[in-house]
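Asker: dropping the sequence and predicted coords here.
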Amino acid sequence: MNLPQESACRSEFRQSQDRLVRRAKSNRVRIIAGVWRSRLISFPSVAGLRPSPDRVRETLFNWLGQTLDGLTCLDLFAGSGALGFEALSRGAASVVMVERNPLALKVLRENAKVLKAANATIVGGDALEFARSTESRFDLIFVDPPYDLRLQVAALTAIRRLLSEGGRAYVEGDEAFSAPPGWSVVKSARAGKVHFCVLKREPDDPRSLSGNV
């Protein structure tokens, strides 16, 4: 084994990764409100990663009531972390962010360190697998997968059991979204090519709506 050559290869790989992270710093998104208001977070140039626009996030958090004091949140396809960090900035008790891209994951962890986001739990792995395996419960779940994957409905199926009583889900995509069975749309809007909505879970037993026993 040529140890010097192996060491040189490892060094070159680390340098390459550092260059990619530095390049990621040129992509930034602003936190709109809360304790980190106007702070910028970085995100890498990764296929399918596009933070929710300011206008969309501002409308969403107007719907949610501006502050999220004490809520537990799940940012299922975290990407830039714009939704998760915004939730923490606005008072969420905790946010779990799930991301499978290694570079995006590294930058998420760096952003959490810079912001001193102690209540952010960043998980590396597949979003749907996490949703199907976790036993945690959440008051608010963000579902914003890469648009071309069309995973919104699959994600809603996976998170149904994770929502606490009265919990809500946020869904974003590049086309109009119809709520699948078991869900109803509370609010919806469009900003340019972005379609987004807040949903609530319907009771599992329809008879419970009428109060019949």
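Answerer: Good, I have the coordinates.
Asker: how about residue 123, secondary structure?
Answerer: strand (DSSP: H, G, I helix; E, B strand; the rest coil).
Asker: that one: neighbour count?
Answerer: Using other Cβ atoms under 10 Å, residue 123 has 18 other residues around it. C-beta: built from backbone N, CA, C; applies to glycine.
Asker: ok, it touching residue 130?
Answerer: Yes - here residue 123 lies in contact with residue 130, judged by Cβ atoms under 8 Å, at a distance of 6.1 Å.
Asker: for the chain, what are the low-confidence residue spans?
Answerer: Within the chain, the segments meeting pLDDT under 70 span 1-26, 205-213.
Asker: excluding chain neighbours, what is closest to residue 119?
Answerer: residue 94 (4.6 Å; Cβ to Cβ, 6 or more residues apart in numbering).
Asker: contact partners for the one you found?
Answerer: When the contact criterion is Cβ atoms under 8 Å, 6 or more residues apart in numbering, the partners of residue 94 are 72, 73, 119, 120, 121.
Asker: re earlier: okay, and the common contacts of residue 123 and residue 130?
Answerer: Taking Cβ under 8 Å, 6+ apart as the contact definition, residue 123 and residue 130 share the neighbouring residues residue 98.
Asker: got phi/psi on the closest residue to residue 50 other than its chain neighbours?
Answerer: Spatially, and ignoring its direct neighbours in sequence, residue 50 is nearest to residue 79 (7.6 Å; Cβ to Cβ, 6+ apart). Reported as degrees, to the nearest 10, the phi and psi values for residue 79 are phi 60, psi -110.
Asker: returning to that earlier point: buried subset of the contacts of residue 94?
Answerer: Neighbour-count burial (16 or more other Cβ atoms under 10 Å) is assigned, among the contacts of residue 94, to 72, 73, 120.
Asker: pretty sure the first one contacts residue 88?
Answerer: Think residue 72. No - using Cβ under 8 Å, residue 72 makes no contact with residue 88, being 11.1 Å away.
Asker: spit out the residues that contact those two alike.
Answerer: Taking Cβ under 8 Å, 6+ apart as the contact criterion, the residues that touch both residue 72 and residue 88 are residue 95.
Asker: quick one on the thing from earlier: identify the farthest-apart pair in the contacts of residue 94.
Answerer: Across the contacts of residue 94, no pair lies farther apart than 72 and 120, at 12.0 Å, counting by Cβ to Cβ.
Asker: so what sits against both of these two?
Answerer: Taking Cβ under 8 Å, 6+ apart as the contact rule, residue 72 and residue 120 both touch 94, 95.
Asker: sticking with residue 166, tell me its helix or strand.
Answerer: The secondary structure element spanning residue 166 is strand 163-173 (assigned by DSSP states H and E).
Asker: now do the buried residues in that strand.
Answerer: For strand 163-173, burial by neighbour count (16+ other Cβ under 10 Å) applies to 163, 167, 168, 169, 170, 171, 172, 173.
Asker: format these as JSON lines; extra columns: distance to residue 197.
Answerer: Compiled in JSON lines, the buried residues of strand 163-173 are given as follows (distance: Cβ to Cβ, whole Å):
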{"residue": "163", "distance to residue 197": "15"}
{"residue": "167", "distance to residue 197": "15"}
{"residue": "168", "distance to residue 197": "10"}
{"residue": "169", "distance to residue 197": "9"}
{"residue": "170", "distance to residue 197": "7"}
{"residue": "171", "distance to residue 197": "6"}
{"residue": "172", "distance to residue 197": "8"}
{"residue": "173", "distance to residue 197": "9"}
